[in-house]
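Novice: sharing a model that was predicted from the sequence below.
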Amino acid sequence: MMGSRRDAETQRDLNDISGQIVDAAMHVHIKLGPGLLESVYERILVHELRKRGLAVEHQVPVPIVYDDIHFEEGFRADLIVENSVIVELKSVETMAPVHSKQLLTYLKLMDCRLGLLINFGAPLLKDGIKRIANNL
């Protein structure tokens, strides 16, 4: 019983954090519009999230272990918010299926439960946001 309550609280926390991330991304997209480099959106979104009191790390190297070999930098997570939600940013005309697969792999490697794929290149940001769950 206690485990399911904790899981429900974790789910609520993740939903709250992801809601704040989406709201901040919408705010940035409304102010700047589509078409800038991904790195610009990343820096401004980090600023916007920190203004809201969220802990944000960006360009976080994530190691991979394969055949008992530890590779220091398997990939870099664009953003990790509140040490629980991975945010992968894009600024492309159209997202490809590989982008979702990439984020799901990151979630599995980091043992995280929730990720957001946000494409600032979309004319309407709501059409450029995809929520990816890992065993939620």
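Specialist: On my side now, so go ahead.
Novice: distance of the residue minimising distance to the centre of the chain relative to Ile69?
Specialist: Nearest to the centroid of the C-alpha atoms of the chain, with distances taken as CA atoms, centre = their mean, sits Val87, at 1.1 Å. Between Val87 and Ile69 the distance is 28 Å, computed by CB to CB, to the nearest Å. C-beta coordinates here come from the backbone N, C-alpha and C atoms, glycine included.
Novice: helix, strand, or coil at the residue lying closest to the residue nearest to the centre of the chain once chain neighbours are set aside?
Specialist: Leaving aside its sequence neighbours, Val87 sits nearest to Leu79 (CB to CB, 6 or more residues apart in numbering; 3.9 Å). Following DSSP: H, G, I helix; E, B strand; the rest coil, we place Leu79 in the strand state.
Novice: so Leu79 makes contact with Leu54?
Specialist: No - Leu79 lies out of contact with Leu54 (CB atoms under 8 Å); the separation is 9.9 Å.
Novice: give me the more crowded residue out of those two.
Specialist: Comparing Leu79 with Leu54 by other CB atoms under 10 Å, the one with more neighbours is Leu79, at 23 against 17.
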